[in-house]
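A.B. asks: sequence first, predicted model second:
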Amino acid sequence: MSQPGRIERYLEEHHIPYERVPHAHTATSLRTAHAANVPSDRLAKAVLLEGDGCHMAAMVPAHRDVRLGQLRMDYGEHLRLADEAAIRALFTDCDPGAVPGLPPAWGVETVWDEELLAQGDLYLEAGDHEHLIHVATHHLRQALDDMPHCHFCGPKRLH
């Protein structure tokens, strides 16, 4: 079972008020948004990436995809989506398959998409499949401001 407490401790250390929001068990960010009755552009999801022996996370709105080509220009051409084994190894206290919405709480280098700033408040995946963390965007930006950010997300592709 995940411990949303790690994100909560991180937010408390950065003096960021938050609210923990329960929802029905879900397996994807878009389903989570629907289950929690949250617009998908207000749900920030993290995608774990790897390349050249290191990991980083990209934070984007749940209704968008990471455009790897854009990030590769800044972070290296070998950047790719991490596999499930890497996710389990880094986020050991999270539920299997869950990437928490605030990877810096786990010490993971993070780049965030500036599209997240369009919302007055955001919901973050808590590291399990049944909770979100609700925060005001301006407070979250204080914690993320020293981390790299640019516009690198694009429309969700159908698979």
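C.D. replies: That came through fine.

A.B. asks: which strands or helices does the helix or strand hosting Arg9 pack on?
C.D. replies: Using DSSP states H and E, Arg9 sits within helix 5-13. Judged by 3 or more CB pairs under 8 Å, 6 or more residues apart in numbering; DSSP states H and E, helix 5-13 is in contact with strand 18-22, strand 131-136. Any C-beta I mention is one placed from the backbone N, CA and C, and that applies to glycine too.

A.B. asks: for the ones you listed, which one sits closest to His55?
C.D. replies: strand 131-136 (21.6 Å; CB to CB).

A.B. asks: partners of the closest one, with directions?
C.D. replies: The strands beside strand 131-136 in its sheet (DSSP bridges) come out as strand 18-22 (antiparallel), strand 121-125 (antiparallel).

A.B. asks: re the thing from before, nearest approach to Val47 belongs to which of the helices and strands packed on helix 5-13?
C.D. replies: Closest to Val47 of the helices and strands packed on helix 5-13 is strand 131-136 (CB to CB; 16.8 Å).

A.B. asks: next secondary structure element downstream of the closest one?
C.D. replies: Downstream of strand 131-136, the first helix or strand assigned by DSSP H and E is helix 137-144.

A.B. asks: got the contact list for the helix or strand that that next one is followed by?
C.D. replies: Per DSSP H and E, the first helix or strand lying C-terminal to helix 137-144 is strand 149-150. The contact list for strand 149-150 (CB atoms under 8 Å, 6 or more residues apart in numbering) reads 70, 74, 111-114.

A.B. asks: taking those one by one, which sit in strands?
C.D. replies: 111-113 (DSSP state E).
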